[in-house]
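Peer 1: Starting from these lines, generate the structure:
(one chain, ligands or ions: 3)
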Amino acid sequence: MVDKRTEQIKELLPVYFIMGSTNCNGRDPVRVLEEAIAGGITLFQFREKGESALTGKEKVRLAERLKKICQENHIPFIVNDDLDLAIELDAHGIHVGQDDLEADIVREKFSNKILGVSAHTIEEAEQAIKDGADYLGLGPIYPTNSKDDAREVAGTGIIECFRNHGITIPIVGIGGITPANAEEVIQASADGVAVISAIASSSDVKETAKSFLRATSK
Ligand SMILES: Cc1ncsc1CCOP(=O)(O)O
Ligand SMILES: C=C1C=NC(C)=NC1=N
Ligand SMILES: [Mg+2]
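Peer 2: Ligands and ions are numbered 1, 2, ... in the order given. Okay, here's the model as predicted:
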């Protein structure tokens, strides 16, 4: 059964850029996002985490500026974890981890928006699907320095395992993904790659985003 919404979500997933002020090597996150969009990212997630992350009004102000850029470029703006911020900004969607708000509560409070859920096991995936997730974030696929509490490195095998188990929901791989290994993540039957540092800290953000687009176009 070809579900229209699933197809729409799949079209957003190929190059899913995730970033906050702490990922930009001291550069202006606004400039970094503009360059990433110029390079062809297909989806954006605002993820403001880590010890030097912005909080309160500063976090909201940056989120508003980044959302505006996404809107001007017809890129959906997703918020990580922070449901209040997602609602305050009327974001296009939210991404929650297993240790964040329960996906079913989010789905209820933030209905008809894009709901992404991190999953590491088949059980977590099946629960997320029951809770109405639109896509799953699977990883870390490779070693990563961008998430201090990342689970053990899974490799692309986790994606194949989920597919062999009959999990058909849209999936992005995340964790240590670069233009060099992005293709094998797609070959493992992910619908896209979610990337923080390879794009956000690149010396040429636009070119790097472009190379991900080439690597993920089927
Ligand atoms: C948020 C998250 N979840 C699993 S790994 C990760 C960090 C990915 O960052 P990078 O693309 O820099 O490895
Ligand atoms: C932890 C995460 C996993 N996957 C995605 C897409 N975003 C996240 N913040
Ligand atoms: Mg989280």
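
Peer 1: Which residues of the protein lie near ligand 3?
Peer 2: 81, 97, 100 (C-beta under 5 Å from the ion). (Each C-beta comes from the backbone N, C-alpha and C, glycine too.)

Peer 1: which SS state does residue 95 fall under?
Peer 2: At residue 95 the chain is in strand, as set by DSSP: H, G, I helix; E, B strand; the rest coil.

Peer 1: so how many other residues sit close to residue 59?
Peer 2: 17 (other C-beta atoms under 10 Å).

Peer 1: Top of the residues of the chain next to ligand 3 by number of neighbours, please.
Peer 2: Among these, residue 81 has the most neighbours (other C-beta under 10 Å), with 20 neighbours.

Peer 1: Return the backbone torsion pair for the residue nearest to it when sequence neighbours are not counted.
Peer 2: Nearest residue to residue 81, sequence neighbours excluded (C-beta to C-beta, 6 or more residues apart in numbering): residue 100, at 4.9 Å. Dihedral angles of residue 100 (phi, psi; degrees, to the nearest 10) stand at phi -100, psi -170.

Peer 1: likewise the one 10 residues further on?
Peer 2: Here is the backbone geometry of residue 110 (degrees, to the nearest 10): phi -130, psi 60.

Peer 1: going forward, begin numbering at 3 instead of 1
Peer 2: In the new count, where the first residue is 3, that last one comes out as residue 112.

Peer 1: okay but it is in contact with residue 88, surely?
Peer 2: Yes: with contact defined as C-beta atoms under 8 Å, residue 112 reaches residue 88; the gap is 6.2 Å.
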